[in-house]
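Chemist: Sequence plus the predicted model coming up.
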Amino acid sequence: TQAAGCLTYLYGDYGVQPNQAPFALHALLDSHYAGGAFYPRGGAKSIAKTIITAIHRTNTKSQVFVRAPVTAILRDNHNKAIGVSCK
């Protein structure tokens, strides 16, 4: 029905089928998009480029890999994750 279409147009953001999502989720998403939706200038890749720039600014020795197989998670003396070891 037309009413169902109006209430489920955001279902792609739910993570589940509309009949499994609570109405509160729809209400939150609807209010989130009420002011309009935006796309980053330069496309989605600009998000990754910005994050990589921030990582390099924080630690000039750091490297960023994509789809690299991780062999171990590196931890400090307090068991806090501080990096990864890759093949």
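Modeler: Thanks, I have the structure now. Numbers count the residues shown, from 1 in each chain.

Chemist: so how far is Gly5 from Gln17?
Modeler: Here Gln17 is placed at a distance of 15 Å from Gly5 (CB to CB, to the nearest Å). In short, each C-beta sits where N, CA and C put it, glycine included.

Chemist: typed the wrong thing, it's Tyr14
Modeler: In terms of CB to CB, Tyr14 sits 15 Å off from Gly5.

Chemist: Those two: which is more packed in?
Modeler: Tyr14 (15 against 8; other CB atoms under 10 Å).

Chemist: Could you list the low-pLDDT ranges of this structure?
Modeler: 1, 7 (pLDDT under 70).

Chemist: At which residues are the helices of it located?
Modeler: 2-8, 23-33, 45-58 (DSSP state H).

Chemist: Dump those helices into JSON lines; add distance to Ser85 as well.
Modeler: JSON lines is the format used below for the helices of the chain (distance: least, CB to CB, whole Å):
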{"stretch": "helix 2-8", "distance to Ser85": "44"}
{"stretch": "helix 23-33", "distance to Ser85": "38"}
{"stretch": "helix 45-58", "distance to Ser85": "17"}
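
Chemist: Against Arg41, how distant is the most centrally placed residue in the chain?
Modeler: By CA atoms, centre = their mean, the chain has its centre lying nearest to Ile47, at 10.0 Å. Here the criterion is CB to CB. By it, Ile47 lies 11 Å from Arg41.

Chemist: likewise Asn59?
Modeler: The gap separating Asn59 from Arg41 is 27 Å, by CB to CB.

Chemist: Report the beta-bridge partners for Cys86.
Modeler: Beta bridges link Cys86 to Val70, judged by DSSP bridges.
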